[in-house]
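In: Mind folding the following:
(4 chains)
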There are 2 protein chains.
Amino acid sequence: MPASIQDVADRAKVSISTVSRVINRRNIVNEETRKRVESAIDELGYSPNVFARGLMLRRSHILGLVLPDLHGEFYSEVIRGANLRARELGYKLMISSVVSKDDGSELVATVADHALLDGLAVMISEVNTRIRDSLRQVKAPLVILDGDIEGAKHDSVVIDQRTGTVALLRHLVRECGARRIVFVGGAATNIDSIERLKAYQEVTREFGLEVRADDVHHLDYEYDTAYEFAFERVKKWARGRTAVFAANDEMAAGIIDAALAAGLSVPEDLAVVGFDDTRVASMTRPRLTTVRVPMSSMGAAAIDLLVQRFEEPKRPAAKLILQSELVVRESCGAGLAAGVH
Amino acid sequence: MPASIQDVADRAKVSISTVSRVINRRNIVNEETRKRVESAIDELGYSPNVFARGLMLRRSHILGLVLPDLHGEFYSEVIRGANLRARELGYKLMISSVVSKDDGSELVATVADHALLDGLAVMISEVNTRIRDSLRQVKAPLVILDGDIEGAKHDSVVIDQRTGTVALLRHLVRECGARRIVFVGGAATNIDSIERLKAYQEVTREFGLEVRADDVHHLDYEYDTAYEFAFERVKKWARGRTAVFAANDEMAAGIIDAALAAGLSVPEDLAVVGFDDTRVASMTRPRLTTVRVPMSSMGAAAIDLLVQRFEEPKRPAAKLILQSELVVRESCGAGLAAGVH
DNA sequence: TAGTGAGTTGAAAGCGCTCTCAGCGGTCGA
DNA sequence: TCGACCGCTGAGAGCGCTTTCAACTCACTA
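Out: Residues are numbered from 1 along each chain as shown, chains lettered A, B, ... in the order given. The predicted structure follows:
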């Protein structure tokens, strides 16, 4: 049984009130008394019971982070950013994931005992009403990553995918001479995919590019799926100045490998670009032209907003927009086209 | 202010004792009363206060996971495995990292309020006395991943790196015809590196392979470092039937790319193998022959041991050994050598 | 008729802490 | 000389819960 505040008080020959005062750094304690208490604390290796404290203060200094899935570099970086910042600010981080086909009940379970959590950051990747419903019930400070819940006021961190995507696609058309762009997205309900598709439609319209019926596809963000999917089509795609815009790097890698396996060369016969700028983007050959997303900054920003909210509960809901950024490598064939033009 | 047990009691016209009994599934409550209480709970959206409960029960159902660094796929997979298993068993996971050059005090800070944590899993990657010292003070159930603390009894999960490494290196010699193996490790104090180096020495001795003074190197597990390091040496290495054994996949990828950049071909001029079987291992060209490490199983196993410990506090310290496994791809040139032999 | 025990419930203690309030001795201005 | 105030400290209430203990009701048995 660890030492309690009473043990410390006994040893220092003071009341527990005084011990409490010493701990909470109220400098209203006599110098000498304070020293006596402090050494009693040291000798007993005392540290205040978190539960008793939480019960009184209604503050746990624990923040929750809920992600769609813990797989892959993207999430790992978000966690990393959040963890570091939480540490800096004196908070602890509790992590949880929501399995993909969740109806929201699991999320509620994670969140329900929000007496435990001072605040909660949730990353939303699916347009799923159930999840939104359950989130709306959360009373603790809430930060939504990458999405929005109407009807609930909360802070949010979003990535401006549009700017990056538009820059990427314009680059494809202007610098790389693409005349047709094929879109390969994640699930049709995936928020990021939807955003990227929107930007895709915007740019194709801007340049008057023809979008054929089978130029927009929805897969699942996986390498293997993209590989198989692409393997049957790359030859067709390769006729004409076609570029493939994959909504993440993994799929782009799969498509590149499918093209190479089919005897094509990238980017000469087919340009391929990705999204996220994860580790794989610099591992493919040719290396991927992609859009960099500030993953760890997202996590850190979420924590920042949460903590700010504690300090200033009345502040109007903030929406933090993080920029995405075009990263040009070889897979788009910019160098080539520059010669052609 | 969320509803308390008293609110529920009032609404159901019973005492708080009865509410408590209903919650804790003691079936000693009258059917009818129970229903009344349950609907009161529903109507108020009541959920018990974690702190009050923790104060009484001295159990939080929160487990801690401390990792050396949250960067990279390896750790991300450990977290994932741990998170999933914790969920299954009804526990929550608190994550923290220890910055690399820590003296252990940060770790203590993470751990100190162990009233909060029911148990703790710590991954150790450096032979660092300070960290060990602070870990020895932990009284809560402790599981050490990938290391050992003498003087403290605790459960541990280790990966049998030897078996996998030996299989890998024997494969290099027997199937790929390597006559010289260069070792490129992580930091000299890194536990995994040390283990892998031991196995390296064992196999070179077994086959009577000459190990020159500059055949063993210690870098930092990074792609870039390995690339630069290798770039100056690959031509020298390539004379003779040399293979490079990098202690992780990232470095192996850097070395492959350095070799290709220097105009060599892998594995014909130089065989390169890695360790971990992370995502990059299948992204390099040629793809990496490596050793698969059960990353997410490690995390899950740690949680299992922790929970078992609660149920059976007196059980002697267990050491769970997870196997590593040789994964043969193209970078070692097995196919080639088979032809040569 | 009283005693027994099962089934069910409530009163109250107490977990370890924070915080309000009152009380101590002493100094100071009126 | 007295009240006001200051610096410091302790008593005690109370946070929301679990759990012990006693009590009450209602068969059922001796």
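In: low-confidence ranges in the stretch 51-200 of chain A?
Out: Under the criterion pLDDT under 70, the flagged ranges of the stretch 51-200 of chain A are A:70, A:99-114, A:127, A:129, A:149-152.
In: And the closest residue to DNA strand D within it, how far from A:L116?
Out: Across the stretch 51-200 of chain A, the shortest distance to DNA strand D (Cβ to the nearest atom of the strand) belongs to A:L55, at 4.1 Å. C-beta: built from backbone N, CA, C; applies to glycine. Counting by Cβ to Cβ, to the nearest Å, the gap from A:L55 to A:L116 is 12 Å.
In: Then A:Y200?
Out: Remark: distance between A:Y200 and A:L116 (Cβ to Cβ) = 42 Å.
In: give me the beta-bridge partners of the closest residue to A:E210 other than its chain neighbours?
Out: Take A:E210 and drop its neighbours on the chain: the residue closest to it by Cβ to Cβ, 6 or more residues apart in numbering or on different chains is A:R180, 6.8 Å away. With DSSP bridges as the criterion, A:R180 is bridged to A:T242.
In: A:R180 contacts A:A243, doesn't it?
Out: Yes: when contacts are counted by Cβ atoms under 8 Å, A:R180 is listed as touching A:A243 (7.4 Å).
In: more crowded one of those two?
Out: Neighbours were counted for A:R180 and for A:A243 using other Cβ atoms under 10 Å in any protein chain shown; A:A243 has more, 26 against 18.
In: Would you agree the more buried one is in contact with A:R170?
Out: No: the pair A:A243 / A:R170 is not scored as a contact, 11.7 Å apart, by Cβ under 8 Å.
In: Quick check: bridge partners of A:I95?
Out: A:L65, B:L93.
In: can you give me the helices for the stretch 1-150 of chain A?
Out: Assigned by DSSP state H, counting those that start in this stretch, the stretch 1-150 of chain A shows helices spanning A:5-12, A:16-23, A:31-44, A:50-57, A:73-88, A:105-112, A:129-136.
In: ranking those by burial, who's on top?
Out: helix A:73-88 (a mean of 23; mean count of other Cβ atoms under 10 Å in any protein chain shown).
In: just the angle between that helix and helix B:73-88, please?
Out: Here helix A:73-88 points in a direction 80 degrees away from that of helix B:73-88 (axes from the mean of the first three to the mean of the last three Cα atoms, to 10 degrees).
In: contacts for helix A:73-88?
Out: The contact list for helix A:73-88, computed with Cβ atoms under 8 Å, 6 or more residues apart in numbering or on different chains, reads A:63, A:65, A:67-70, A:92-93, A:95, A:97, A:121, A:123, A:145, A:276, A:278-279, A:293, A:295-304, B:70-73, B:75-76, B:79, B:95-97, B:279.
In: Could you check how far the closest residue to chain B within chain A is from A:S282?
Out: Residue of chain A nearest chain B, by Cβ to the nearest Cβ: A:S76 (3.4 Å). For A:S76, the distance to A:S282 equals 17 Å [Cβ to Cβ].
In: repeat for A:S324
Out: 17 Å.
In: If you count surrounding residues, which of the two has more?
Out: Set A:S324 next to A:S282 and count neighbours by other Cβ under 10 Å: A:S324 wins out with 23 against 18.
In: Remind me which helix or strand the nearest residue to that one once chain neighbours are set aside belongs to.
Out: Leaving aside its chain neighbours, A:S324 sits nearest to A:G164 (3.0 Å; criterion: Cβ to Cβ, 6+ apart). For A:G164, the element it lies in under DSSP states H and E is helix A:161-174.
In: Which positions in that helix come out as buried?
Out: Of the residues in helix A:161-174, A:Q161, A:T163, A:G164, A:T165, A:V166, A:A167, A:L168, A:L169, A:H171, A:L172, A:V173 count as buried by neighbour count, 16 or more other Cβ atoms under 10 Å in any protein chain shown.
In: swap in stretch A:223-231?
Out: Buried, per 16+ other Cβ under 10 Å, within stretch A:223-231: A:Y223, A:A226, A:Y227, A:F229, A:A230, A:F231.
In: Is the fourth one located within a strand, as I assumed?
Out: Which is A:F229. No: A:F229 sits outside any strand when classified using DSSP: H, G, I helix; E, B strand; the rest coil, being helix.
In: Not counting sequence-adjacent ones, nearest residue to it?
Out: A:F229 sits nearest to A:L219 (Cβ to Cβ, 6+ apart), 5.9 Å away.
In: what about that neighbour, neighbour count?
Out: With other Cβ under 10 Å as criterion, A:L219 counts 22.
In: could you list every residue that touches it?
Out: A:V184, A:G185, A:G186, A:T225, A:A226, A:F229, A:M251.
In: Next step: those restricted to strands.
Out: Judged by DSSP state E, the contacts of A:L219 include A:V184, A:G185 as members of strands.
In: a markdown table for the contacts of A:L219, including distance to DNA strand D?
Out: Below are those laid out as a markdown table (distance: Cβ to the nearest atom of the strand, whole Å):
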| residue | distance to DNA strand D |
| --- | --- |
| A:V184 | 50 |
| A:G185 | 45 |
| A:G186 | 41 |
| A:T225 | 47 |
| A:A226 | 49 |
| A:F229 | 52 |
| A:M251 | 47 |
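In: Tell me the residue of the stretch 101-250 of chain A that sits nearest DNA strand C?
Out: For the stretch 101-250 of chain A, Cβ to the nearest atom of the strand, closest residue to DNA strand C: A:A115, 13.4 Å.
In: Can you spell out which residues form a bridge with the closest residue to A:H154 other than its chain neighbours?
Out: Closest residue to A:H154 apart from its sequence neighbours, by Cβ to Cβ, 6+ apart: A:L142 at 4.2 Å. Per DSSP bridges, the residues bridged to A:L142 are A:L120.
In: if I read this right, A:L142 contacts A:R136, doesn't it?
Out: No: using Cβ under 8 Å, A:L142 makes no contact with A:R136, being 9.4 Å away.
In: Could you list the contact residues of the stretch 1-150 of chain A toward chain B?
Out: A:2, A:47-52, A:54-55, A:60, A:62, A:70-73, A:75-76, A:79-80, A:83-84, A:87, A:92-97, A:110, A:112-113, A:115-116, A:137, A:139 (Cβ under 8 Å from any Cβ of the partner chain).
In: Which residues are in contact with A:L44?
Out: Per Cβ under 8 Å, 6+ apart, neighbours of A:L44: A:A3, A:D7, A:V8, A:R11.
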